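Student: structure here, sequence nowhere to be found:
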């Protein structure tokens, strides 16, 4: 990012807020929202690159490619859904490539925390939140594909939003 809380940060917060609202209402991240978000993010990043001498014009494209590379394994192993993956790629032009691993990690951490809170709240932990967490991690590591109807949908866009805010707070 090109500043602690510059105009690009406000654009990213607005785009991610729209995605959270969309996801909470429909339980889906719509492709039209992702396409509009990507367009706004890319144009904003390119304008910033032209106006800021220390930023290369190629940086938004590198960020997009880095987000694609970081997110693909997460999507392939069903850690995140397709809409969430596309959303993270859509806002990536607003971030520097070096800050993307921190963004992904913070988003995953927030998503896991929100998932634990949801599981505890709904009493689905089977005894303990830690036990449920280790079972889920074990299933992912063993490449076990659970039946999607047995899973509770967690609005991961909220985790992405909090992950972005954490990145801002950390100065990324």
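Tutor: Good, I have the coordinates. Owing to the predicted nature of the structure, the values given are computational and were not obtained by experimental measurement.

Student: need the contact list for residue 35.
Tutor: Neighbouring residues of residue 35 by CB atoms under 8 Å, 6 or more residues apart in numbering: residue 90. All C-beta atoms are positioned from the backbone trio N, CA, C, and that covers glycine.

Student: pLDDT value on it, please?
Tutor: On pLDDT, residue 35 comes in at 97.

Student: what about it, which helix or strand?
Tutor: Assigned by DSSP states H and E, residue 35 falls within helix 31-51.

Student: and that helix, what's buried?
Tutor: Under the neighbour-count criterion of 16 or more other CB atoms under 10 Å, helix 31-51 has 33, 34, 37, 38, 40, 41, 42, 44, 45, 46, 48, 49 buried.

Student: ok, now stretch 61-81?
Tutor: Buried residues in stretch 61-81 (16+ other CB under 10 Å): 61-64, 66-67, 70-71, 74-75, 79-81.

Student: again, but for stretch 80-88
Tutor: Neighbour counts over stretch 80-88 (16+ other CB under 10 Å) mark 80, 81, 83, 84, 85, 86, 87, 88 as buried.

Student: tell me how far the second one lies from residue 88.
Tutor: Just to be clear, that refers to residue 81. Note on residue 81: its distance to residue 88, by CB to CB, to the nearest Å, is 11 Å.

Student: need the longest helix for this structure.
Tutor: In the chain, assigned by DSSP state H, the helix with the most residues is helix 100-122.

Student: where's the residue nearest to residue 28 when sequence neighbours are not counted relative to residue 120, distance?
Tutor: Nearest in space to residue 28, with sequence neighbours left out and distances taken as CB to CB, 6 or more residues apart in numbering, is residue 83 at 6.2 Å. Distance of residue 83 to residue 120, computed by CB to CB: 25 Å.

Student: cool, residue 79 as well?
Tutor: The gap separating residue 79 from residue 120 is 20 Å, by CB to CB.

Student: based on its surroundings, how many neighbours for residue 30?
Tutor: By other CB atoms under 10 Å, the residues close to residue 30 number 14.

Student: all set now, cheers.
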